[in-house]
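Student: Fold the stuff below for me.
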Amino acid sequence: MSNIRRIQKDLKDFKENPLTYCTGGPVGDNLCKWQIIIDGPQHSPYEGGKFKIAVDLSEYPLKAPIVVFETKIFHPNVDNNGVVCLEILKKEWSPMLTIQKVIIQIYSLLNDPNPDSPLNAEAARLLKDSQVEFVETVRKNVRLYASK
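Tutor: Residues are numbered from 1 along each chain as shown. Below is the predicted model of the structure:
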């Protein structure tokens with residue numbers, strides 16, 4: 001199966017079985033470049049935010065998609081450039097995984113950050129040492145960058 005046929009299959013699945021907390025798809029006619037908007041999970045510090053994510057599928061499914069938050073986010077597993085630290089995007093990648101499964105994992109990461117595998121050391125430190133300050137910082141960032 002070619003790269004494009006696989007992406008078309010994933011797109012069809014994405015449209016037929018939509019996730020309630022996100023929208024998106026290919027940017028224009030380029031099936032290899034997607035933009036996804038994920039709602040911050042309810043009952044999390046990210047609640048109320050809308051997070052724009054760029055997904056590059058140029059080498060998908062043989063290699064993991066390149067996933068980058070375009071919306072500024074304060075999160076232990078997202079660096080200042082928006083790069084996401086998620087095992088399924090690194091050493092646990094399998095061509096059996098779908099775009100939808102990647103989105104589900106990113107949403108899960110918003111709900112349950114992992115301070116033990118940080119790309120943003122400050123966010124990880126705050127999450128471990130001062131949850132109140134962590135939540136305040138996240139909510140401030142959501143108001144500033146993700147509530148438009």
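Student: Could you pull up the contacting residues of the spatially most central residue of the chain?
Tutor: A centroid search over the chain (Cα atoms, centre = their mean) returns I106, at 3.9 Å, as the residue closest to the centre. I106 makes contacts with I38, I53, V67, V84, L86, as judged by Cβ atoms under 8 Å, 6 or more residues apart in numbering. Glycine gets a C-beta too; all of them are placed from N, C-alpha and C.
Student: just to confirm, which helix or strand has the residue lying closest to the fourth one once chain neighbours are set aside in it?
Tutor: This means V84. Counting by Cβ to Cβ, 6 or more residues apart in numbering, V67 is the residue found nearest to V84 once chain neighbours are left out, at 5.0 Å. Mapping V67 onto the secondary structure by DSSP states H and E places it in strand 66-69.
Student: repeat for P26
Tutor: Here P26 sits within strand 22-27, counting by DSSP H and E.
Student: who touches that strand?
Tutor: 11, 14-15, 32-39, 53, 103, 107.
Student: helices or strands up against the longest strand seen in the chain?
Tutor: The strand that spans the most residues within the chain, counting by DSSP state E, is strand 30-39. For strand 30-39, the elements it packs on are helix 3-16, strand 22-27, strand 50-56, helix 99-111, judged by 3 or more Cβ pairs under 8 Å, 6 or more residues apart in numbering; DSSP states H and E.
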